[in-house]
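1. what's the 3D shape of this:
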Amino acid sequence: MAAAAMVLASCSSESDAPDGGEVVNNDQIALSTLTPASQAGRISDVNGTRDGEKKERLQLKYKVAPVADAKSFGWSATGIALDGGNVYVSWHSDFQAANPATKWGGALDVIAFNGESAPAFSNTYVNYDAKFNGVLVGNSAFYLALTDSKKGAAVARVKAGETDGVIRAVSGSSANALSMVNGRVCAATGYKNGGVFSIDANFVSAADGKAHVDTLVLKDGCKFIDGDLVLRTDATAAYLCSLDGTQEWNIGAPLKSEEKNGEKYDPVTGTWSTDNETSAAYYGKHTMASDDKYIYVAGGQAAAGSKDGLRVIDKATKKQVWGNATNTTAVCVAGDYVYAATGAGLRVYKKFDGTNLELFAYETITDANGKVVAGTDAHSCNFVAVDGNYIYMANGQSGVYVFTLDTTAPAPETPAE
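-> Below is the predicted model:
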């Protein structure tokens with residue numbers, strides 16, 4: 001999807017905790033590194049081919065366990081970026097969430113997946129003042145979507161090969177997703193006091209060397225960015241917004257997760273509190289992806305009797321043309337297939353043909369009775385990415401599951417939706 005021309009708003013005031021549209025000095029973020037050798041035991045070769053009457057199309061190949069430095073962090077895999085054979089995996093601690101960990105923390109793994117050779121860690125970065133909610137790679141740097149313990153929502157930039165970077169606060173309690181558009185990094189933030197904000201990819205301007213944080217969309221509940229569209233929700237409905245903030249389309253039921261707690265940050269007092277209000281159900285991660293005709297939206301937990309889990313939106317009309325009730329939290333499109341991270345595990349569909357989104361392959365597990373069934377043993381499904389050879393799914397505290405897809409295998413049994 002072509003990027004739209006941005007309509008930017010900025011002003012000349014300076015602040016340590018901007019609410020969007022402000023010019024601010026750059027603050028620094030420092031990352032520590034854990035040696036690859038100390039993390040090597042986290043990757044297991046599962047090689048999960050099942051023998052039987054029907055060979056599975058979807059094979060679990062590897063599992064990447066959570067960061068191996070302290071159980072008190074409750075590490076959860078949150079996002080994945082692919083770059084030149086390297087897989088970047090972001091993690092955050094479970095601090096202040098349900099069943100909380102005791103410490104703030106964010107981590108970033110860089111793992112080399114080179115063909116059929118064994119994957120290996122290139123680096124693991126950690127920070128103990130922020131949670132890493134997502135990662136973007138580009139412009140000879142990596143960028144992190146943060147929940148910072150002192151700033152709330154923020155974006156960090158770290159140059160390739162370095163450990164000291166730049167951090168910039170934006171409005172909202174947490175930055176949920178990042179995208180590179182026209183040489184600027186766009187961040188979607190928070191259910192409350194959120195929006196979409198952009199920063200020059202170098203985190204400086206030619207004029208004054210400061211990071212100009214520009215407001216694109218100032219609306220609650222911004223979740224994800226795909227091309228020139230923003231996915232957001234409130235308690236009434238889900239919406240697609242143009243990236244310049246001038247248009248918005250209602251696409252049906254709100255994006256609802258199973259989260260029981262949200263987090264609120266007060267930039268005036270610098271304090272955090274747990275939000276047990278009804279709105280906490282809308283804090284979870286959701287993504288979307290598109291091909292040339294359709295937008296695929298991970299709608300989360302559908303209401304009883306509805307078809308608002310995984311949704312297909314017509315690009316031309318911005319109307320929903322298909323949906324199912326499967327609890328879907330992340331989706332991507334690659335080649336001829338749509339890959340969906342769901343409450344029942346990874347599912348692969350053939351791209352929408354104008355009538356149906358046909359289920360092509362799905363993750364299976366063995367139940368307590370030894371029967372192979374549709375489902376997953378993962379903690380939660382936060383993100384999915386595909387590089388042509390492997391399918392990577394971030395599964396919260398269960399880590400990252402890596403699959404391969406055999407398109408020539410016989411069709412599996414179709415599970416109930």
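
2. what are the phi and psi values at the closest residue to L31 other than its chain neighbours?
-> Distance criterion C-beta to C-beta, 6 or more residues apart in numbering; nearest residue to L31, sequence neighbours excluded, is Y125 at 4.2 Å. In this view, the C-beta of every residue, glycine as well, is placed from N, C-alpha and C. For Y125, the backbone dihedrals (degrees, to the nearest 10) come out as phi -100, psi 140.

3. kindly report the same for S38.
-> In terms of degrees, to the nearest 10, the main-chain angles of S38 are phi -70, psi -20.

4. got a list of what it touches?
-> Shown in contact with S38 (C-beta atoms under 8 Å, 6 or more residues apart in numbering): 68-69, 124.

5. do that again at 7 Å, thanks
-> Neighbouring residues of S38 by C-beta atoms under 7 Å, 6 or more residues apart in numbering: A68.

6. what helix or strand is N133 on?
-> With the criterion set as DSSP states H and E, the secondary-structure element containing N133 is strand 130-138.

7. pLDDT weak spots in the stretch 301-417 of the chain?
-> The stretch 301-417 of the chain contains residues with pLDDT under 70 at 376-379, 413-417.

8. what are the buried residues along the strand holding N133?
-> By neighbour count on 16 or more other C-beta atoms under 10 Å, the buried set for strand 130-138 is 130-137.

9. tell me the secondary structure for the nearest residue to K63 once chain neighbours are set aside?
-> With C-beta to C-beta, 6+ apart as the criterion, K63 has its nearest non-adjacent residue at 5.0 Å, and that residue is S44. Remark: S44 carries the secondary structure label strand [criterion: DSSP: H, G, I helix; E, B strand; the rest coil].

10. shouldn't K151 be in contact with A169?
-> Yes - the pair formed by K151 and A169 meets the contact definition of C-beta atoms under 7 Å, at 4.0 Å.

11. those two - which one has more neighbours?
-> Per other C-beta atoms under 10 Å, whichever of K151 and A169 has more neighbours is A169, with 27 against 21.

12. distance of that one relative to A130?
-> Distance, A169 to A130, by C-beta to C-beta, to the nearest Å: 11 Å.

13. try F383
-> When distance is defined by C-beta to C-beta, F383 is 18 Å away from A130.

14. before we move on, what about D387?
-> Using C-beta to C-beta, we find D387 at a distance of 27 Å from A130.

15. now swap in R57 and tell me
-> When C-beta to C-beta is applied, the distance between R57 and A130 equals 39 Å.

16. distance from stretch 147-163 to the middle of the chain?
-> For stretch 147-163, the separation from the chain centroid amounts to 16 Å (computed by C-alpha atoms, centre = their mean, to the nearest Å).

17. tell me which residues of it are tucked away?
-> Taking 16+ other C-beta under 10 Å as the neighbour-count basis, stretch 147-163 is seen to contain the buried residues 147-158.

18. try stretch 34-50
-> Under the neighbour-count criterion of 16+ other C-beta under 10 Å, stretch 34-50 has 34, 36, 39, 42-43, 48 buried.

19. check these and tell me the two furthest apart.
-> Considering C-beta to C-beta, no two members of the buried residues of stretch 34-50 lie farther apart than L34 and G48, which are separated by 27.8 Å.

20. where does the stretch 101-250 of the chain have low pLDDT?
-> Where the stretch 101-250 of the chain drops into low confidence, which here means pLDDT under 70, it does so at 101, 115-116.

21. what are the ranges of the strands in it?
-> Using DSSP state E, counting those that start in this stretch, the strands of the stretch 101-250 of the chain run over residues 106-112, 120-127, 130-138, 141-148, 152-159, 164-169, 175-181, 184-189, 195-200, 211-217, 222-226, 229-233, 238-242, 248-250.

22. reformat the ones you listed as TSV; add distance to T366.
-> Converted to TSV, these look like this (distance: least, C-beta to C-beta, whole Å):
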stretch	distance to T366
strand 106-112	27
strand 120-127	29
strand 130-138	32
strand 141-148	36
strand 152-159	41
strand 164-169	44
strand 175-181	34
strand 184-189	38
strand 195-200	43
strand 211-217	45
strand 222-226	33
strand 229-233	35
strand 238-242	35
strand 248-250	42
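
23. which stretch among the ones you listed comes nearest V372?
-> Each of the strands of the stretch 101-250 of the chain was checked against V372 via C-beta to C-beta, and the shortest separation belongs to strand 106-112, namely 28.8 Å.

24. sheet partners, orientation included, of that closest one?
-> Each strand that strand 106-112 pairs with, and the sense of that pairing, follows from DSSP bridges: strand 86-92 (antiparallel), strand 120-127 (antiparallel).

25. from the chain's centroid, how far away is it?
-> Strand 106-112 has its average C-alpha position 15 Å from the chain's average C-alpha position, going by C-alpha atoms, centre = their mean.

26. and the angle from that strand to strand 130-138?
-> Strand 106-112 and strand 130-138 meet at an angle of 40 degrees, taking axes from the mean of the first three to the mean of the last three C-alpha atoms, to 10 degrees as the criterion.

27. quick one, strand 106-112 and strand 141-148 angle?
-> Taking the same axes, to 10 degrees, one finds that strand 106-112 is oriented at 150 degrees with respect to strand 141-148.

28. what residues of strand 106-112 count as buried?
-> Under the neighbour-count criterion of 16+ other C-beta under 10 Å, strand 106-112 has 106-111 buried.
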